[in-house]
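Chemist: Any chance you can model this:
(one chain, ligands or ions: 2)
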Amino acid sequence: MTLEETLEKIHPADKTAMEAALAHWNNIAMPLHSLGRLQDTVVRIAGMTGNARVDLKKKALVVMCADNGVVEEGVTQSGQEVTKIVAENFLKEKATASILCKKAGADIFPVDIGIATDSTILQHKVMYGTKNMAKEPAMTREQAVQALEVGIHMVEELKEKGYGIIATGEMGIGNTTTSSAVTAVLLEQDPAKVTGRGAGLSGTGLKKKISVIRDAIALHKPKKEDPIDVLAKVGGLDIAGMAGVFLGGAACRIPVVADGFISCVAALCAIRICPAVKDYVITSHKSKEPATMMILEALDIPVFLDCDMCLGEGTGAVTIYPILDMALAVYGGMCTFSDNQMENYVPLV
Ligand SMILES: O=C(O)c1ccc[n+]([C@@H]2O[C@H](COP(=O)([O-])O)[C@@H](O)[C@H]2O)c1
Ligand SMILES: Cc1cc2nc[nH]c2cc1C
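Modeler: Ligands and ions are numbered 1, 2, ... in the order given. The predicted structure follows:
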């Protein structure tokens, strides 16, 4: 599907299915809402899929892997070559996200959407790394749209293969710089407030990172009301690819799980492109990267975990899969008040 076709297919969640799911929870033999957000999320998933019989079927993690030209400016502690090394490790079970996926019973799909060199993973390369936004726009508008469509295409393929939920992850040295730049524009914040140390940057490095972001925004003047313009000028291919996964999930009625900072920025972009996407986003954890909380507040979707994780790759998103499985085991398998001859116990609704 093209971006345009995708946007036409996105509608708000199904309220009738949500009401049926809520009614089922309220009949389960336990005090009302005693599984809290676990219950709310199952109700939301019913609304996403349009079916109160919630079955996640197969679980996936899509990891968008890309390089960022801005690393030339010294905004990161790590060498650019790390992107490709980790990206290729995902399929060898030598990366953290692949080990977590194995444990959670999920399949991992690393995608080369813009690694700076050739790689052996699934090829959807839009370009060999973005341009250095300190000097020129990171990419053209056409390339940003192409990256969004890679994400949409991944969702269509996974739906076809029987996946019922998709987690988003990324691997890309320098992507906390692009994420902070996009956040600064979309949330109208000073770059100093939304920029952190990424994968471990020194004090002087952080100052440089903030000034590079500030100057790039001043140079390109991305339009806050046009998220695709923001992605193209100061964003990254991984962020755009994940934003495409959020858009595709909403169009295909598949829940999409947000991970840490970079993935939450992608969710924010997708929701700014099409507000109804929000109904299809599940947030997983509050990354240690400082701007994440601001984005989560702007998204206004509660998160499950707050445990100072900040690895990316989709690690936080995959960590909530076993929690969702547990919630669904109760939702689908727990006895009801009527089973227990507890009809006289009328839960307060
Ligand atoms: O997900 C997060 O919240 C997160 C926070 C900080 C760093 N990361 C990961 O670290 C890499 C980017 O860090 P940096 O310092 O090179 O911009 C990238 O591969 C991300 O997956 C991820
Ligand atoms: C080794 C390494 C692994 C990562 N995974 C996500 N970001 C990363 C950054 C580094 C440096």
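Chemist: ranges for the strands of this protein?
Modeler: 58-66, 106-114, 122-123, 163-171, 256-258, 281-283 (DSSP state E).
Chemist: Redo those strands as JSON lines? Include mean pLDDT and distance to L324.
Modeler: All C-beta atoms are positioned from the backbone trio N, CA, C, and that covers glycine. Below are the strands of the chain laid out as JSON lines (pLDDT from 0 to 100; distance: least, C-beta to C-beta, whole Å):
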{"stretch": "strand 58-66", "mean pLDDT": "99", "distance to L324": "9"}
{"stretch": "strand 106-114", "mean pLDDT": "98", "distance to L324": "11"}
{"stretch": "strand 122-123", "mean pLDDT": "98", "distance to L324": "25"}
{"stretch": "strand 163-171", "mean pLDDT": "98", "distance to L324": "8"}
{"stretch": "strand 256-258", "mean pLDDT": "98", "distance to L324": "9"}
{"stretch": "strand 281-283", "mean pLDDT": "98", "distance to L324": "8"}
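Chemist: Please work out which of these is packed deepest.
Modeler: Comparing the strands of the chain by mean neighbour count (mean count of other C-beta atoms under 10 Å), strand 256-258 ranks first with a mean of 32.
Chemist: Can you list the strands that that one pairs with?
Modeler: Sheet pairing of strand 256-258 (DSSP bridges) gives strand 163-171 (parallel), strand 281-283 (parallel).
Chemist: can you tell me if it touches ligand 1.
Modeler: No - judged by C-beta under 6 Å from any ligand atom, strand 256-258 and ligand 1 are separated, with a smallest distance of 9.9 Å.
Chemist: What parts of the stretch 101-250 of the chain come near ligand 1?
Modeler: E170, M171, G172, I173, G174, N175, T176, T177, G198, A199, L201.
Chemist: which one of the residues you listed is nearest ligand 2?
Modeler: Closest approach between those and ligand 2, by C-beta to the nearest ligand atom: A199, at 4.4 Å.
Chemist: Please look at that closest one and S78 and confirm they touch.
Modeler: Yes - between A199 and S78 there is a contact under C-beta atoms under 8 Å: 5.5 Å.
Chemist: Now list whatever residues contact both of those two.
Modeler: I173 (C-beta atoms under 8 Å, 6 or more residues apart in numbering).
Chemist: May I see the buried residues of stretch 284-302?
Modeler: Residues of stretch 284-302 classed as buried: 284-289, 291-296, 298-299, 301 (neighbour count, 16 or more other C-beta atoms under 10 Å).
Chemist: again with stretch 187-195
Modeler: L187, P191, V194, T195.
Chemist: mean confidence for it?
Modeler: Mean pLDDT, stretch 187-195: 98.
Chemist: Let's see it as PDB, backbone CA atoms only.
Modeler: Taking C-alpha atoms only, stretch 187-195 is exported to PDB below (Å, rounded to 0.1, in the frame of the first residue of the first chain):
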ATOM      1  CA  LEU A 187       6.900  19.300  20.900                       C
ATOM      2  CA  GLU A 188       8.300  22.800  20.400                       C
ATOM      3  CA  GLN A 189      10.900  22.300  23.000                       C
ATOM      4  CA  ASP A 190      14.400  23.700  23.400                       C
ATOM      5  CA  PRO A 191      16.900  21.100  22.200                       C
ATOM      6  CA  ALA A 192      18.700  21.200  25.500                       C
ATOM      7  CA  LYS A 193      15.600  19.900  27.200                       C
ATOM      8  CA  VAL A 194      15.100  16.900  24.900                       C
ATOM      9  CA  THR A 195      18.700  15.800  24.400                       C
END
